[in-house]
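Chemist: Pasting a predicted model and its sequence here:
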Amino acid sequence: MELQLQNLTKQYGAKCAVKDVTASLKPGVYGLLGANGAGKTTLMRMICGVLKPTSGSICLNGKTINELGEQYYTHLGYMPQYSGFYPDFTAREFMLYMSAVKGLDKKRAKERTQELLQMVNLSDVADKKIRSYSGGMKQRLGIAQAELGSPSLLILDEPTAGLDPKERVRFRNIISDFSKEKIVILSTHIVSDVSYIADTILLMKQGQFLLQEPMSTVTESIRGKVWELFADEGSAAEYCRDFSVVNLHHEGNQVRLRIIDEAAPSAEAQTVEPTLEDLFLYYFGNEKPEEL
């Protein structure tokens, strides 16, 4: 299984939402990271066939979406950022309806519905109306419907947005269970969600990939650029004004500062191990979001 993006571009008039993106994705979890407006949703909608690229191609196992036609969608599971549900449906009714849309026969639809509702921990409320569900329950139902046809390509757009920490952990575990032997693209600006489960990080800014790196080595590019030091409150205020301070913590009469900079901000500063959050803030800390 291989998904190939070749010089993929999406233009809206004079504005370029996605620009010349090229990547080759094989089974594993890909964390698509970027600030709001980086072009993540536009890219995912093109991969899902919802939007047509201005130029470039999307291929699955060497064949373009156009060549594959309807067959492409049998490989695809998609959870959009804002999933639409029929509030008067129960979860079971919704899953059976989506099974029909995806072409599953009745027997397989019932089996798969039961299996997936159990997997996302909704079996006990399967016959309650969706209007009574919490945000986390709806998100779990969203990923269950995306997995209905056992897709080999699973696209998840901001699946944990608005969830509390407990629901986000539960959701990450579900995604890990679903990710075996398939390509999973998980788009988010919540760094901790991908730091635990992603095999590869795709860092996107202004419609382009800045980095395509394995999770194990992705922070190497900022090694030696993350610093910690202690300062009094007056000096801490100056550091905040003059440098990119990514964390500030009061400890007694001192303030511990975590700073990202090309050079040491002071003689007392010590380099520390960079994190994925540091990497994100290195590229996006001063960016003003613009929706695309």
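Modeler: Structure received. Values in this document were obtained by computation on a predicted structure and should not be read as measured data.
Chemist: going forward, measure contacts between C-alpha atoms and count neighbours the same way
Modeler: OK.
Chemist: what stretches of this structure score poorly on pLDDT?
Modeler: Scanning the chain for pLDDT under 70 picks out 162, 286-292.
Chemist: show me where it has strands.
Modeler: Taking DSSP state E, the strands of the chain run over residues 3-12, 15-25, 28-33, 55-60, 63-64, 76-79, 153-157, 183-188, 200-205, 208-214, 226-231, 244-251, 254-260, 270-271.
Chemist: Can you give me the buried ones in the second one?
Modeler: Pointing back at strand 15-25 there. 16-22, 25 (16 or more other Cα atoms under 10 Å).
Chemist: got the contact list for that strand?
Modeler: The contact list for strand 15-25 (Cα atoms under 8 Å, 6 or more residues apart in numbering) reads 2-11, 38-39, 42-43, 56, 183, 206-209, 292.
Chemist: domains in the protein, as residue ranges please.
Modeler: 3-214, 224-273 (automatic domain parsing).
Chemist: Kindly reformat the strands of the chain as a markdown table containing distance to D164.
Modeler: Shown next, in a markdown table, are the strands of the chain (distance: least, Cα to Cα, whole Å):
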| stretch | distance to D164 |
| --- | --- |
| strand 3-12 | 32 |
| strand 15-25 | 30 |
| strand 28-33 | 20 |
| strand 55-60 | 35 |
| strand 63-64 | 39 |
| strand 76-79 | 19 |
| strand 153-157 | 17 |
| strand 183-188 | 15 |
| strand 200-205 | 23 |
| strand 208-214 | 28 |
| strand 226-231 | 29 |
| strand 244-251 | 22 |
| strand 254-260 | 26 |
| strand 270-271 | 33 |
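Chemist: Please name whichever of those strands is nearest to V120.
Modeler: strand 76-79 (14.4 Å; Cα to Cα).
Chemist: Who does the closest one pair with, and is each partner parallel or antiparallel?
Modeler: Partner strands for strand 76-79, per DSSP bridges, with pairing direction: strand 153-157 (parallel).
Chemist: just to revisit the earlier point, which of the domains of the chain sits most buried?
Modeler: domain 3-214 (a mean of 18; mean count of other Cα atoms under 10 Å).
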